[in-house]
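*Asks:* The following block contains a protein sequence and its predicted model.
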Amino acid sequence: MAELNTGDGGGGKGGKVRSKKQNSKVDLTAMVDLAFLLITFFMLTTSLSKPQSMDLSLPDKDPDSTKTKDTKVDENRTMTVILGENNKLTYYMGLLEKPIAGPKDIAYGKDGIRRELLTRKRTVLEYSAAKGKPKNGIIVIIKPTKKSNYRNLVDILDEMAITGVETYAIVPEFTPEENKLIDKK
């Protein structure tokens, strides 16, 4: 018959049982390296991916000033852009009663409003330089209708940033002539 090992070291009966002690040290070098790599990666990516936003200047909310001040602007420097429904865009230069250019329907994008803005900006700067004020650039008045959508407004604001138009305003008020123009469309 086979003999059973009782673990007393002598093969005999009864005695002390000894257990082997295992090494309790764990090598954490790889885990620490991985942790530092992850920390470095996330620090780098969060500093590179800052949210991009456009700066907007809003009028001050002063409760004492209930009266609005009318600002007179040279109509040769003013371009009005009306945002309509179904991604329609209409612009004119000057006053609608006696426009310098337009009103014309135009598309969004580089071959549409962007090209027109760059052209008009150049002519306005030449006009201002001839008047002795070379820093006076184009003024764009953006008029979103109730039927236009938010994306159209964001697109036209992007065009202002792309073309470098420094002075523009969002005005949701329409003259009677502009209302007639909108109703025709």
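*Replies:* Perfect, thanks for sending it. Computed from a predicted model, the values in this text were never measured in an experiment.
*Asks:* I'd assumed residue 141 was in a helix, is it?
*Replies:* No - judged by DSSP: H, G, I helix; E, B strand; the rest coil, residue 141 forms no part of a helix; its state is strand.
*Asks:* In contact with it, which residues?
*Replies:* 78, 79, 80, 81, 168, 169, 171 (C-beta atoms under 8 Å, 6 or more residues apart in numbering). Yep, even glycine has a C-beta here, placed from its N, CA and C like the rest.
*Asks:* Equivalent analysis for residue 116, please.
*Replies:* Here residue 116 is in contact with 91, 106 (C-beta under 8 Å, 6+ apart).
*Asks:* Are we agreed that it is in a helix?
*Replies:* Yes - assignment of residue 116 by three-state DSSP places it within a helix.
*Asks:* Could you check the pLDDT of it?
*Replies:* We have a pLDDT of 86 for residue 116.
*Asks:* roughly how far apart are it and residue 126?
*Replies:* 16 Å (C-beta to C-beta, to the nearest Å).
*Asks:* where does residue 155 land in three-state SS?
*Replies:* Going by three-state DSSP: residue 155 is helix.
*Asks:* wait, I meant residue 17
*Replies:* coil.
*Asks:* Pull up the gap between it and residue 129, please.
*Replies:* 102 Å.
*Asks:* more neighbours, these two?
*Replies:* Each of residue 17 and residue 129 has its neighbours counted (other C-beta atoms under 10 Å); residue 129 has more, 12 against 8.
*Asks:* Wait, residue 82 touches residue 89, no?
*Replies:* Yes - using C-beta atoms under 8 Å, residue 82 is in contact with residue 89, at 7.4 Å.
*Asks:* Now do the contacts for residue 139.
*Replies:* 73, 77, 78, 79, 167, 168, 169.
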